[in-house]
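Enquirer: A structural model of the following input is requested.
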Amino acid sequence: MTHDPRSALLPAALQAAARGWSVIPLRPGGKMPALHGEDACPRAGECAEGHLKPEQRATTDPTRIHAAWGAHPFNVGIATGPSGLVVVDLDAPKTKGSSDAPGGATNFAALCERAGVPWPTTYTVRTRGGQHLYFTAPPGPRLANSAGSLAPLVDTRAWGGHVVAPGSIIDGATYEVTHPAPVASLPDWLLQHLTSPP
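Expert: Residues are numbered from 1 along each chain as shown. Have a look, this model is predicted:
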């Protein structure tokens, strides 16, 4: 008897949606959206009035989720902006020659130390070599994604981005919740870093 990844990925999508997080299908075994791009847009259905990006097509509707993940073993993406989330993505060094280089977690710990605060307690997911720290987005201006502006190998996902949800599998590694704490509010010191001019 072979394992059907749909059996794990459908509940993962439903669990994320039950938290109020808008989900999108990602390519099986990958991180990229499985939805059509602008060049291939049929200009029909949801896109009848013009092409909608994956973030705009993200959903919490169980009927739509059952239709997508019940038919295909899509990985699960969480559209961070519509979900009211800011996710801090702590990566591991990418190249073999950088084994001595500090990873995202080390760099983020240094940021916390400089801010005079402890490592935040929040919902945390282990990724392939790194981790995602989930925070609720603050009211006010929409935060966009950032790449390395906080520190090397420390990125953020907010409006215009998505993260791979727990339960998804990439290169044989399953994204797993390592700290099921409630999602904390984005700390003020982090918000200040993300809204300060470069």
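Enquirer: quick check: which element contains the residue nearest the centre of the chain?
Expert: Per CA atoms, centre = their mean, the C-alpha nearest to the average position across the chain is that of V163, at 1.6 Å. Following DSSP states H and E, one finds V163 within strand 162-164.
Enquirer: quick one: the strands in the chain?
Expert: Using DSSP state E, the strands of the chain run over 23-26, 75-79, 85-90, 124-126, 131-136, 146-151, 154-157, 162-164, 169-170, 173-174, 176-179, 184-185.
Enquirer: helices or strands up against the lowest-mean-pLDDT helix or strand in the chain?
Expert: Lowest by mean pLDDT, DSSP states H and E among the helices and strands of the chain is helix 54-57, with a mean of 87. Judged by 3 or more CB pairs under 8 Å, 6 or more residues apart in numbering; DSSP states H and E, the packing partners of helix 54-57 are strand 23-26, strand 75-79. All C-beta spots, glycine's among them, are computed from the backbone N, C-alpha and C.
Enquirer: from L143, how far out is T122?
Expert: Using CB to CB, to the nearest Å, T122 is found at 16 Å from L143.
Enquirer: ok, back up a step: okay if I get the helices and strands packed on helix 54-57 as TSV plus distance to T63?
Expert: Shown next, in TSV, are these (distance: least, CB to CB, whole Å):
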stretch	distance to T63
strand 23-26	13
strand 75-79	16
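Enquirer: need the winner for burial among those.
Expert: strand 75-79 (a mean of 28; mean count of other CB atoms under 10 Å).
Enquirer: now it, how far from the centre of its chain.
Expert: Distance of strand 75-79 from its chain centroid, counting by CA atoms, centre = their mean, to the nearest Å, is 7 Å.
Enquirer: what is the neighbour count of the residue lying closest to L35 once chain neighbours are set aside?
Expert: Distances taken as CB to CB, 6 or more residues apart in numbering place P54 nearest to L35, at 5.0 Å, with adjacent residues excluded. As a burial measure, P54 scores 19 neighbours (other CB atoms under 10 Å).
Enquirer: so who does P54 touch?
Expert: By CB atoms under 8 Å, 6 or more residues apart in numbering, the contact list for P54 reads 24, 33, 35, 77, 79, 162.
Enquirer: how about a cut-off of 10 Å?
Expert: 22, 24-26, 32-37, 77, 79, 162 (CB atoms under 10 Å, 6 or more residues apart in numbering).
Enquirer: contacts for the strand holding V163 next, please.
Expert: 21-24, 26, 30-33, 54-55, 58, 75-83, 85, 87, 89, 125, 127-128, 132, 134, 145, 157, 170, 175.
Enquirer: rewinding a little: from G161, how far out is the residue nearest to L35?
Expert: Taking CB to CB, one finds P54 at 10 Å from G161.
Enquirer: overlap in contacts of these two?
Expert: 77, 79.
Enquirer: G50 is in contact with A44, isn't it?
Expert: No - judged on CB atoms under 10 Å, G50 makes no contact with A44 at a distance of 11.2 Å.
Enquirer: which residues of the chain score low on pLDDT?
Expert: 1-7, 95-100, 197-198 (pLDDT under 70).
Enquirer: so which residues of it form helices?
Expert: Applying DSSP state H to the chain gives helices spanning 6-18, 54-57, 62-69, 104-115, 188-195.
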